[in-house]
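Need a 3D model of the sequence below.
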Amino acid sequence: MATSAGGADGGTSRRVVYRRFGGPEVLEIERRPVPVPGPTEVLVRVAAAGVNPVD
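Purely as a prediction, here's the structure:
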């Protein structure tokens with residue numbers, strides 16, 4: 001499933017979120033608008049990341 005990469009074009013991204021501690025069953029995938037960086041900020045595309053509350 002592809003995601004849009006631009007913030008200015010109103011694209012969306014997929015995010016894995018958790019709202020309580022638990023195993024994989026508490027993870028949820030959400031679609032959110034891609035944030036638009038400010039004049040002194042950058043937008044970084046993350047292809048893979050660990051999901052570990054201890055880190």
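
For this protein, give me the ranges with low pLDDT.
In the prediction, the chain carries residues with pLDDT under 70 at positions 1-10, 51, 53-55.

what residue is smack in the middle of it?
The residue lying closest to the centre of the chain (CA atoms, centre = their mean) is Arg15, at 3.6 Å.

How is that residue assigned, secondary-structure-wise?
Under DSSP: H, G, I helix; E, B strand; the rest coil, the three-state class of Arg15 is strand.

That one bridge partners, please.
Glu30 (DSSP bridges).

now the helices for this protein?
Assigned by DSSP state H, the chain shows no helices.

Can you show me the strands along it?
Here the chain has its strands, by DSSP state E, at 12-17, 28-33.

helices or strands next to the last one in the packing?
Helices and strands in packing contact with strand 28-33 are listed as strand 12-17; criterion 3 or more CB pairs under 8 Å, 6 or more residues apart in numbering; DSSP states H and E. To be clear about C-beta, it is placed using only N, CA and C from the backbone, and glycine gets the same treatment.

what's the strand it packs on packed up against?
Using 3+ CB pairs under 8 Å, 6+ apart, the elements in contact with strand 12-17 are strand 28-33.

what's the angle from the strand it packs on to strand 12-17?
In terms of direction (axes from the mean of the first three to the mean of the last three CA atoms, to 10 degrees), strand 28-33 departs from strand 12-17 by 150 degrees.

and strand 28-33, how far out from the chain's middle?
Computed by CA atoms, centre = their mean, to the nearest Å, the chain-centroid distance of strand 28-33 equals 7 Å.

May I see the buried residues of it?
By 16 or more other CB atoms under 10 Å, strand 28-33 has no buried positions at all.

Only alpha carbons, please: show it as PDB.
Listed next in PDB are the C-alpha coordinates belonging to strand 28-33 (Å, rounded to 0.1, in the frame of the first residue of the first chain):
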ATOM      1  CA  GLU A  28      -3.600   0.200  15.600                       C
ATOM      2  CA  ILE A  29      -2.900   1.500  12.100                       C
ATOM      3  CA  GLU A  30      -4.200   5.000  11.500                       C
ATOM      4  CA  ARG A  31      -4.100   7.300   8.400                       C
ATOM      5  CA  ARG A  32      -3.100  10.800   9.200                       C
ATOM      6  CA  PRO A  33      -2.400  13.900   7.100                       C
END
